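*Asks:* here are the coordinates; sequence isn't available:
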């Protein structure tokens with residue numbers, strides 16, 4: 001039996017990781033500035049992370065949500081403290097797509113409405129509801145197409161209001177920063193106006209922070225740059241540093257009803273141990289401040305580089321480097337030849353999503369190479 005081929009693969013099999021480095025079986029070292037799709041938030045094999053998972057799995061790796069789990073309570077408390085959302089509730093699942101599925105379902109339950117407004121170039125996942133919210137015909141099957149989702153241009157507040165004024169929308173869903181599209185940052189003013197409009201028309205605001213959350217933008221959540229508080233926030237990726245963890249934060253005015261949401265694996269003991277370790281490392285090692293400081297320096301230097309670089313977009317350590325023409329894939333291959341991992345976004349953009357404890361020297365290595 002063969003594996004189902006879904007990605008273009010680098011010609012390497014990492015067998016070990018340490019911080020922002022991965023190693024192959026021959027001991028060759030590669031600088032990881034992609035973090036496996038923004039998943040590696042605190043670096044590969046962080047000692048506190050390894051210890052927390054090892055200790056927990058030796059005691060109890062899993063039991064379902066039919067019993068008390070104090071680790072969930074401890075995680076919710078720490079997440080509220082670090083993120084500034086102490087008054088929100090946490091529902092745990094296993095992935096970003098699952099988080100978005102539960103978010104739109106909850107919004108529809110609460111409002112009694114059917115439609116959802118999303119944005120051009122959006123990516124919200126590959127499961128049925130999440131992919132229907134994704135503006136990419138290559139991954140949306142005929143089964144997933146629905147007239148219950150409408151797409152409008154990012155940062156076009158007039159287009160948003162025209163739709164919301166119909167009173168048909170349960171939710172608006174927007175990425176804190178559009179990642180797969182090529183690192184497009186919503187305007188702060190647009191975000192504040194969007195928050196005001198959703199309140200006016202009784203529509204729930206969902207901010208998808210699956211890729212842009214957990215400190216990546218230089219704030220815990222990217223939407224916090226605009227000073228807004230959504231109704232629902234979705235999370236995953238960096239939440240578990242490689243262990244499958246997802247979740248949604250739910251505003252206090254939305255009260256749970258038993259049976260409304262559910263999960264088998266979500267919030268299991270091992271997942272909670274991993275997520276707690278990530279939060280403790282982010283907090284204790286001040287990694288959000290590091291993401292802001294190193295990221296801002298990187299963006300400024302890249303904008304001064306010139307050459308084939310057409311535009312540099314992003315915030316913190318979520319950076320898109322647009323290459324003039326359709327040469328991004330070739331540039332990524334050449335960077336790989338220099339033992340540097342990067343990500344892509346379409347034919348023109350190199351995507352950087354390193355661990356939050358990446359250093360200026362590591363980023364400089366990328367800048368020197370791309371020159």
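*Replies:* Good, I have the coordinates. Note that the coordinates shown come from a computational prediction; the quantities given were computed from them, not determined experimentally.

*Asks:* how about the nearest residue to the most centrally placed residue in the chain, chain neighbours excluded?
*Replies:* The centroid of the chain falls nearest to residue 211 when counting by C-alpha atoms, centre = their mean (1.3 Å). Nearest non-adjacent residue to residue 211, counting by C-beta to C-beta, 6 or more residues apart in numbering: residue 179, 4.1 Å away. C-beta here means a position set from N, CA and C on the backbone, and glycine is covered the same way.

*Asks:* follow-up on the earlier one: contact partners for the residue nearest to the centre of the chain?
*Replies:* Residues counted as contacts of residue 211 (C-beta atoms under 8 Å, 6 or more residues apart in numbering) are 37, 38, 96, 175, 176, 177, 179, 180, 237, 318, 353.

*Asks:* And it, what's its pLDDT?
*Replies:* Among the per-residue scores, residue 211 shows a pLDDT of 98.

*Asks:* show me what contacts the closest residue to residue 239 other than its chain neighbours?
*Replies:* In space, and not counting its chain neighbours, residue 239 is closest to residue 245: 4.7 Å by C-beta to C-beta, 6+ apart. By C-beta under 8 Å, 6+ apart, the residues touching residue 245 are 92, 94, 236, 239, 271, 274, 275.

*Asks:* Please look at the residue nearest to residue 211 and residue 123 and confirm they touch.
*Replies:* Yes: the pair formed by residue 179 and residue 123 meets the contact definition of C-beta atoms under 8 Å, at 6.7 Å.

*Asks:* Please enumerate the strands of the stretch 101-250 of the chain.
*Replies:* Ranges of strands in the stretch 101-250 of the chain, per DSSP state E, counting those that start in this stretch, are 115-119, 149-152, 169-175, 204-208, 232-235, 246-250.

*Asks:* Residue 303: how many residues sit nearby?
*Replies:* Number of residues near residue 303 (other C-beta atoms under 10 Å) recorded here: 13.

*Asks:* Surely it and residue 310 touch.
*Replies:* No: Residue 303 is beyond contact range of residue 310, at 10.8 Å (criterion: C-beta under 8 Å).

*Asks:* Just the pLDDT at residue 61, thanks.
*Replies:* Listed pLDDT for residue 61 reads 88.

*Asks:* sec struct for it, please.
*Replies:* coil (DSSP: H, G, I helix; E, B strand; the rest coil).

*Asks:* who's in contact with it?
*Replies:* Taking C-beta under 8 Å, 6+ apart, one finds 268, 269, 270 in contact with residue 61.

*Asks:* how does it look with 10 Å?
*Replies:* 53, 268, 269, 270, 271, 273 (C-beta atoms under 10 Å, 6 or more residues apart in numbering).

*Asks:* And residue 121, by the same measure?
*Replies:* 134-136, 151, 153-154, 175, 178, 180-182, 184, 345-346.

*Asks:* Same question for residue 318.
*Replies:* 38, 176-179, 183, 185, 211-213, 216-218, 222, 291, 295, 299, 351-354.

*Asks:* Which of those fall within helices?
*Replies:* Counting by DSSP state H, the contacts of residue 318 place 38, 291, 295, 299 in helices.

*Asks:* which among the residues you listed end up buried?
*Replies:* 38, 291, 295, 299 (16 or more other C-beta atoms under 10 Å).

*Asks:* Which residue is the nearest non-sequential neighbour of the last one?
*Replies:* Taking C-beta to C-beta, 6+ apart as the measure, residue 299 lies nearest to residue 312, with 5.6 Å between them; neighbours along the chain are not counted.

*Asks:* For the residue nearest to residue 111 when sequence neighbours are not counted, give me its contacts.
*Replies:* Take residue 111 and drop its neighbours on the chain: the residue closest to it by C-beta to C-beta, 6+ apart is residue 170, 4.5 Å away. When contacts are counted by C-beta under 10 Å, 6+ apart, residue 170 is found next to 104-117, 148, 202-204, 206.

*Asks:* mind running it again at 7 Å?
*Replies:* Going by C-beta atoms under 7 Å, 6 or more residues apart in numbering, residue 170 touches 107, 108, 111, 113, 114, 115, 116, 203, 204.

*Asks:* how much space is there between the residue nearest to the second one when sequence neighbours are not counted and residue 124?
*Replies:* Translated: residue 108. Nearest residue to residue 108, sequence neighbours excluded (C-beta to C-beta, 6+ apart): residue 170, at 4.4 Å. According to C-beta to C-beta, to the nearest Å, residue 170 and residue 124 sit 15 Å apart.

*Asks:* Kindly report the same for residue 85.
*Replies:* 21 Å.

*Asks:* Of those two, which one has the most company?
*Replies:* More crowded of residue 85 and residue 124, by other C-beta under 10 Å: residue 124, with 30 against 22.

*Asks:* May I ask you to confirm that that one is in contact with residue 136?
*Replies:* No: with contact defined as C-beta atoms under 7 Å, residue 124 does not reach residue 136; the gap is 10.1 Å.
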